[in-house]
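Novice: Need coordinates for the following:
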Amino acid sequence: MTKPVLYQFPVSHYCEKVRWALDYKHIAYETRNLLPLFHMPAVFRRTRQNKVPVLKLDGRYINESSVIIQTLDERFPSAPVLFPEDDAQREEALEWAAFADREIGPHLRRTAYFHVIDHSHVMFDILTEGQNTVGRMTFRASQPVVVRAMKEGMGINERGYARSLERLEAALDRLDARVADNAYLTGDRFSVADLTAASLLGPLARPPEAPFQFPDDLPPALTDFIDAFQERPSIDWVRRMYREHRGKRAS
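Specialist: Below is the predicted model of the structure:
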């Protein structure tokens, strides 16, 4: 079988969801690191939408991280499964995964970028991870356009930040309550629910097992933002999920 190919932004926590699923299931794959904004024509041509991650699997292109993970579980049933067999637990796992996709992913992204998007050197390092010299030069020339598009497309402004911070804190309150007395979000084993919530909260927990690591010279405002969440039980839980279940990439 031809190796699957993951089209991604290394920094994206939604792409990390798919990387983790591939690694957890011991599936060897290749990556194609794309540049924001420049990725749109190639991705749209293959999927009729412009977001990553996109996985090329068995000659077809699959978009949306939750769909990709479900497809992997169906395509590789002999590998470690991420969806519980019990119907009730499966439904609960899907509900938790959808909750994290909706209430954590986009709101952590907006609030985090709010504190870093105007720091051009850090943004350059984050968004050109994995690029060659030509790619980095191309991005540098167009970075102001990319940043403007990100602000407009993601609603990165004072109002959007306040709204997303409220949603993120409410989501973490719910997650804190769940993990206080439970090792996993559903049942007694790691599932798509845990993978989804942990990967989307990775930027706050910054576990050493994560493939993408942020640069050391983060803006103080972003460091303070991250530090404000460190005492939450859910952040300790994320680090445990990474430590115990974030396998190494298959070759």
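Novice: Could you check stretch 189-199 and say which residues are buried?
Specialist: Phe190, Ser191, Val192, Ala193, Asp194, Leu195, Thr196, Ala197, Ala198, Ser199 (16 or more other C-beta atoms under 10 Å). The way it works is simple: take the backbone N, C-alpha and C, and place the C-beta from them, glycine included.
Novice: Out of those, which sit inside helices?
Specialist: Per DSSP state H, helices hold the following members of the buried residues of stretch 189-199: Val192, Ala193, Asp194, Leu195, Thr196, Ala197, Ala198, Ser199.
Novice: circling back to that earlier point, pick the one among the buried residues of stretch 189-199 closest to Met150.
Specialist: Proximity of the buried residues of stretch 189-199 to Met150 (C-beta to C-beta) peaks at Ser199, which lies at 20.8 Å.
Novice: quick one: the closest one and His13 touch, right?
Specialist: Yes - using C-beta atoms under 8 Å, Ser199 is in contact with His13, at 5.8 Å.
Novice: quick one: average pLDDT of stretch 45-54?
Specialist: What stretch 45-54 shows for mean pLDDT is 96.
Novice: could I have that stretch exported to PDB, CA atoms only?
Specialist: The C-alpha coordinates for stretch 45-54 follow below in PDB (Å, rounded to 0.1, in the frame of the first residue of the first chain):
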ATOM      1  CA  ARG A  45      -8.500  21.500  -6.100                       C
ATOM      2  CA  ARG A  46      -8.400  18.200  -4.200                       C
ATOM      3  CA  THR A  47     -11.200  18.700  -1.700                       C
ATOM      4  CA  ARG A  48     -13.400  21.600  -2.800                       C
ATOM      5  CA  GLN A  49     -12.700  23.300   0.500                       C
ATOM      6  CA  ASN A  50      -9.600  25.200   1.800                       C
ATOM      7  CA  LYS A  51      -8.800  23.800   5.300                       C
ATOM      8  CA  VAL A  52      -6.200  21.400   6.500                       C
ATOM      9  CA  PRO A  53      -5.700  18.700   7.600                       C
ATOM     10  CA  VAL A  54      -6.200  16.700   4.400                       C
END
